[in-house]
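Colleague: Pasting the sequence and the predicted model now:
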Amino acid sequence: MKQEINQIISLSTLLLLTLSVNGAELGTRQSTIRPRAVPPGTQEITASNVVNYATYGYSAWDWGVGADEGQKFNLMPEGYSSATNVARLLSFFSISDIHLTDKESPAQVPYLGWTATFTNAGPGNLNPSAYSPVILDTTFRLDSAIRTINAVNQLTPFHFGIELGDVCNAGQYNELHWFLDVMDGKWIIPSSGNHAGAETIDYQKPFQAAGLDSSIPWYAVAGNHDLMWMGIGYPSSKVQAALVGSNILNRSSQNSPLIVGADGSGMYVGTVDGSTPYGDVIKFGATNLYDKTPVVATDQNRHFTNPDITWSKNFVSEFTNSTSLPAGHGFNLSQTGSLAACYWFLPKADIPIKVIVLDTACKLDIPGKYASFYGAGWVDSARYTWLTNELNEGQVNDQLMIIACHVPIKPMASLSDTNRVEMFYVSDNPTPGLSEPPTNFPGCKTEDELIASLHDYPNLIMVIAGHRHVNVVTPFPSPNPANPEKGFWEIETPSMRDFPQQFRTYEILRNTDNSISILTTDVDPVRVPGTPSWKSLGYAIGARRLYGLAPLDDTSSQTYNAELVVALTPKMQSVIASSGSTLGHQVSIDCNVTNLTVNFLGTLKTTDNLSQTWTDVTNISPYIVSEPTMETTHYYRAVE
């Protein structure tokens with residue numbers, strides 16, 4: 001039988017690799033993770049009561065039906081009803097808002113969420129941002145995602161990957177290097193200070209990261225948590241000293257989102273005890289309850305990475321220390337000021353697609369401002385000029401264009417609410433829940449101004465972003481129906497921190513009429529049961545409910561998969577008319593003496609004679625063949 005199995009593999013021109021995963025986990029179109037409803041009358045607990053998440057069902061989930069919204073024609077001319085794919089132009093993935101967290105830091109303010117009552121998310125939903133049990137295993141969760149990306153790459157090879165910002169939680173040096181080291185496949189020590197519990201507690205144990213497949217170049221985007229302390233402000237000298245010191249940060253006893261609260265006093269912010277199985281927060285509370293200041297072991301690697309708010313130079317330069325490719329991961333150190341984290345690249349030499357990476361982080365330090373001031377999107381005159389210059393270049397050079405940024409531009413409120421949300425501080429309505437009178441800063445562009453400019457470039461097909469931790473896709477139709485090619489899509493990638501903890505894949509496809517389809521699919525990372533990454537999924541589901549961010553009976557996956565169709569100018573239709581590779585996916589086979597396990601994406605087809613018709617087998621991966629026949633050679637392939 002083993003000889004016959006080998007014959008099946010070799011004659012089928014299939015890729016042979018070990019891939020011991022549930023194929024459904026390699027894409028959420030067939031199956032995805034859905035929270036299990038919490039029955040009415042269930043015991044109410046707080047988000048800090050982690051040991052009882054599973055006891056009362058707050059963290060329970062099941063594999064459920066997948067999500068597929070089908071083809072979307074919001075940008076197409078009236079009456080357009082169908083697009084037929086003919087070639088693949090580009091394939092890539094995005095991952096966002098990982099929030100690698102130094103949980104033992106003396107200045108991460110976990111007490112805000114740890115002390116919250118049932119369903120109390122706090123002002124601006126800052127309680128779950130300050131504390132969720134997902135902070136225990138951030139490096140493990142990222143490693144699981146990277147291992148899954150490598151598996152998907154074996155089925156549909158990626159031309160590149162991009163992280164869309166907020167790899168850090170508090171802008172610390174060690175948080176950034178955890179990210180780089182996981183991507184580079186290094187030995188990870190997932191704790192800081194005295195590394196309590198490193199030999200006995202699962203989420204504290206060092207591990208070997210897989211590293212991103214070396215065939216995939218990856219690029220980076222700067223986020224507000226990468227460049228700001230806790231994502232909401234430029235750290236004062238007091239906060240910067242606290243990060244590398246031993247004293248737990250003493251801040252204002254008022255739970256104010258003001259960054260200046262950190263320079264007050266009256267409340268110790270707490271830290272995680274890594275020697276406890278559920279990561280208990282300790283050393284917090286009113287200062288008058290303590291005889292002396294609570295302390296932790298110091299760690300100089302906790303220092304704030306980017307001490308100059310006006311220029312992202314220090315943050316950008318750390319990417320040159322990564323051993324994976326490309327060098328610097330897109331960032332260009334020759335750029336200065338607000339342009340340091342802005343760049344562009346061409347993913348594939350023979351495909352006319354340009355990716356423009358835009359830094360949307362605040363570059364002003366004005367004391368007394370709310371979190372929305374620092375955490376919202378900003379585009380000043382220098383960045384606006386740079387952006388429009390690059391868009392002009394792409395238009396002139398007949399290139400389709402993608403803008404990648406951290407903060408989305410005026411997206412829909414949610415998957416079910418089409419109202420637009422203001423995300424840029426200088427707009428009329430800053431981030432809901434933390435609003436203050438609008439202030440226009442010289443040279444900064446509002447979202448409406450940006451959108452109007454983007455409509456001027458018909459070769460722009462989409463904007464990709466993170467920041468909101470949600471799966472939302474927003475259409476921006478052309479303001480002139482006679483020129484539908486001036487429309488574009490905005491696609492948000494969810495957070496690897498909070499539920500649904502997914503990353504996104506994209507396939508840019510050419511259609512028979514030379515329109516473009518963007519096939520975007522969420523992916524649930526593969527997790528080994530019982531591991532920190534596995535536990536993190538339940539923690540994310542539980543925390544979301546216990547902070548009141550989702551109804552207890554909500555079983556929605558928060559997943560959004562669709563084929564987004566884009567009209568092109570006659571010129572670009574001509575340019576791409578013969579571009580792209582054959583559609584379909586690679587197929588992988590695991591084999592032993594009794595079974596064949598076929599992993600695939602799309603629809604699996606088979607034939608026993610290449611001159612005959614291919615027959616549909618299934619669209620549910622993996623497909624298991626028990627006791628393969630000795631007499632017949634079978635060929636397998638996967639198609640869209």
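Modeller: Thanks, I have it.
Colleague: Need phi/psi at the nearest residue to A562 once chain neighbours are set aside.
Modeller: Leaving aside its chain neighbours, A562 sits nearest to E69 (4.0 Å; criterion: CB to CB, 6 or more residues apart in numbering). In short, each C-beta sits where N, CA and C put it, glycine included. Note on E69: its backbone torsions stand at phi -80, psi 0 [degrees, to the nearest 10].
Colleague: Can you report how many residues lie near E69?
Modeller: By the measure other CB atoms under 10 Å, the count of residues near E69 is 15.
Colleague: Please verify my assumption that it contacts Y560.
Modeller: Yes - the pair E69 and Y560 qualifies as a contact (CB atoms under 8 Å) at a distance of 6.6 Å.
Colleague: element containing Y374?
Modeller: For Y374, the element it lies in under DSSP states H and E is helix 371-375.
Colleague: Let me know the next secondary structure element after that helix.
Modeller: Tracing the chain C-terminally past helix 371-375 and defining elements by DSSP H and E, one meets helix 381-396 next.
Colleague: Run the angle between the helix or strand just after that next one and helix 381-396 for me.
Modeller: Next along the chain after helix 381-396, taking DSSP H and E as the criterion, comes strand 400-405. Strand 400-405 and helix 381-396 are oriented at 160 degrees to each other (axes from the mean of the first three to the mean of the last three CA atoms, to 10 degrees).
Colleague: Can you give me the distance of the residue lying closest to V379 once chain neighbours are set aside to W489?
Modeller: Using CB to CB, 6+ apart and skipping residues adjacent in sequence, the residue nearest V379 is K445, 4.8 Å away. Per CB to CB, to the nearest Å, K445 is found 21 Å from W489.
Colleague: now G233
Modeller: According to CB to CB, G233 stands 32 Å off from W489.
Colleague: same thing with I98?
Modeller: Here the criterion is CB to CB. By it, I98 lies 24 Å from W489.
Colleague: of those two, who's got more company?
Modeller: Taking neighbours as other CB under 10 Å, I98 and W489 compare with I98 leading, 30 against 24.
Colleague: got a list of what the more buried one touches?
Modeller: Residues near I98 by CB atoms under 8 Å, 6 or more residues apart in numbering: 138, 141-142, 163, 166-167, 179, 495-497.
Colleague: how much space is there between it and D263?
Modeller: According to CB to CB, I98 and D263 sit 29 Å apart.
Colleague: Could you do D202 as well?
Modeller: D202 is 37 Å from D263, where distance means CB to CB.
Colleague: where does the chain dip in pLDDT?
Modeller: Counting by pLDDT under 70, the chain shows low-confidence ranges at 1-26, 255-258, 260, 426-440, 585-586, 588-594, 609-611, 627-634, 640.
Colleague: Mark out where each domain of it begins and ends.
Modeller: Residue ranges for the domains of the chain, per automatic domain parsing: 2-30+584-639, 71-576.
Colleague: which stretch among the ones you listed comes nearest V38?
Modeller: Taking CB to CB, domain 71-576 is the member of those nearest to V38, at 4.0 Å.
Colleague: Kindly check the end-to-end length of the closest one for me.
Modeller: 21 Å (CA to CA, to the nearest Å).
Colleague: cool, and stretch 492-511?
Modeller: End to end - CA to CA - stretch 492-511 spans 24 Å.
Colleague: tell me how far that stretch is from the chain's mean position?
Modeller: Relative to its chain's centre, stretch 492-511 lies at 7 Å (CA atoms, centre = their mean, to the nearest Å).
Colleague: Stretch 452-459 now?
Modeller: Stretch 452-459 sits 26 Å away from the centroid of its parent chain (CA atoms, centre = their mean).
Colleague: hey, C-alpha coordinates of it in CSV?
Modeller: Extracted as CSV, the C-alpha positions of stretch 452-459 are listed here (Å, rounded to 0.1, in the frame of the first residue of the first chain):
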residue,chain,number,x,y,z
ALA,A,452,-12.2,63.2,-1.7
SER,A,453,-8.5,63.0,-2.7
LEU,A,454,-8.5,59.1,-2.9
HIS,A,455,-11.5,59.3,-5.3
ASP,A,456,-9.2,61.2,-7.7
TYR,A,457,-7.1,58.1,-8.3
PRO,A,458,-9.1,55.4,-10.2
ASN,A,459,-6.2,52.9,-9.9
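Colleague: so who does A297 touch?
Modeller: 104, 193-194, 246.
Colleague: returning to that earlier point: gap between the residue nearest to V379 and Y425?
Modeller: Between K445 and Y425 the distance is 11 Å, computed by CB to CB.
Colleague: if you count what's nearby, which of those two comes out ahead?
Modeller: Per other CB under 10 Å, whichever of K445 and Y425 has more neighbours is Y425, with 26 against 21.
Colleague: Against K354, how distant is that one?
Modeller: Using CB to CB, Y425 is found at 28 Å from K354.
Colleague: Noted, bye for now.
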